[in-house]
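**Q** I'd like to go over a predicted model; first the sequence, then the structure.
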Amino acid sequence: MAAATPEKGRRLGRGLDFLLSTPAATKSAQQADIKLEDLRPNPWQPRVAFDPEALSALTESIRQHGVIQPISVRKRNDGGYELIAGERRMLAARRAGLKTIPAVVHDIGDSQMLLVALVENLQRSDLNPVERARALKRLVEEHGKTHDEVAALSGLGRSTVSNSIRLLELDEASLAAVQSGSITEGHARALLAEPDAGRRSQLLARIVEENLNVRQIELVAAQRPSVERRKGAESSEDAKRLARLLSERLGTSVRIVERGPRGRIVISYATLKDFERLFELLAGEPPPVE
C-alpha cells in the first residue's frame with residue numbers, strides 16, 4: 001500500500017519534537033484512544049486546502065490498516081479534545097468511518113498551538129506558499145518571534161522566511177494566482193520587483209497567458225518606460241544581480257540606480273516593524289528610542 005508511506009514513513013522533525021517536549025507537555029503526555037466526535041480541529045491550523053487524491057488514498061489506507069501514527073491533541077475545558085497536529089489523519093479517519101483515533105494528549109498553551117501546526121505542515125511540505133507566508137507572519141506579529149527565531153523553529157533559512165513573508169506585499173489577485181498554482185513562488189518574487197500596480201497586473205496576465213518563466217518576467221519588469229530611462233533609471237546587469245542578492249539577504253525589495261560612477265540603493269519596507277528589522281540588519285543594533 002504505497003499510499004500509506006507518506007504518513008507511516010515521515011518522522012516529525014526536530015522542531016516539532018522540541019515544541020511538544022516542554023516540561024509541562026512531557027510530564028502530562030499520555031496516549032489514549034479518543035472519540036472523534038469529541039475532537040475539534042486546531043483553530044491555528046495554517047493550511048486551508050488539502051489534496052483530495054492524497055486524502056482519499058490515506059482514507060483507504062486507514063480503512064485497511066488503521067491509524068499507524070497517533071495524532072497530538074490537548075484537552076479542552078469542557079472535557080473534549082482539540083487537535084494539535086495530525087489533521088489529515090483526523091479527516092481521513094472520519095471518512096473511513098472510525099469512531100475513535102489513537103492520540104497523545106499534551107498539556108500546552110495557546111502560544112504553542114500555531115507554532116506546532118506551522119512546523120508540522122512545513123516539515124511535511126503541506127502548505128502552499130501563501131499559507132506558509134501568512135503563518136510565518138503570524139509567528140512574527142502575534143507571537144513576537146524574530147525572523148531568525150522563526151527560521152530556527154521551522155527549519156527554513158532566514159532569507160527564506162523573510163522572502164516568504166514579503167510575498168504578502170503582493171495584491172490579492174497575485175496572491176490568489178500563487179495559491180491556486182497558476183504562477184510559482186519564483187514568479188511572485190519577480191512581480192514584487194514591479195512597484196507599479198498597473199504594470200504588475202499586466203505582468204501577471206502575461207505569465208498566465210504566455211507561460212513566461214521567471215527570468216523572462218525579471219527582464220520585462222526591469223524594462224522601465226522611456227521617460228524613466230532618459231532620467232538614467234536603467235541599471236546594468238551587474239547592478240541588477242547585486243540588487244537581487246541584497247533582496248534575498250534583506251528579505252525586501254532592493255533597487256540599485258546607477259548614474260555613471262555614482263548611484264543610490266533603494267531599500268523598500270512594508271511596515272514600521274519591517275523598517276526596524278532592516279535597520280537592525282544594516283546597523284547591527286535596533287534603532288534608538290528617543
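**A** Received the coordinates, thanks.
**Q** what about Thr160, helix or strand, and which?
**A** Per DSSP states H and E: Thr160 is located in helix 158-166.
**Q** Show residues contacting the following helix or strand past that helix.
**A** Sequence order places helix 172-180 as the next helix or strand after helix 158-166, per DSSP H and E. With C-beta atoms under 8 Å, 6 or more residues apart in numbering as the test, helix 172-180 has contacts from 49, 128-131, 167-168, 170, 183-185, 187-188, 191, 200-201, 204, 207-208. Just so you know, the C-beta spots here come from the backbone N, C-alpha and C atoms, and that holds for glycine as well.
**Q** Which helix or which strand is home to the spatially most central residue of the chain?
**A** Among the residues of the chain, the one closest to the centroid is Arg132, at 1.7 Å (C-alpha atoms, centre = their mean). Using DSSP H and E, Arg132 falls within helix 129-143.
**Q** Please name every helix or strand in contact with that helix.
**A** In terms of contacts (3 or more C-beta pairs under 8 Å, 6 or more residues apart in numbering; DSSP states H and E), helix 129-143 is packed against helix 110-123, helix 147-154, helix 158-166, helix 172-180.
**Q** what's the closest of those helices to Glu37?
**A** Closest to Glu37 of the helices and strands packed on helix 129-143 is helix 110-123 (C-beta to C-beta; 21.2 Å).
**Q** Quick check: the gap between Arg259 and Asp238.
**A** The gap separating Arg259 from Asp238 is 15 Å, by C-beta to C-beta, to the nearest Å.
**Q** What segments of the chain are strands?
**A** Per DSSP state E, the chain carries strands over the ranges 30-35, 39-40, 71-75, 81-85, 100-106, 254-259, 262-267.
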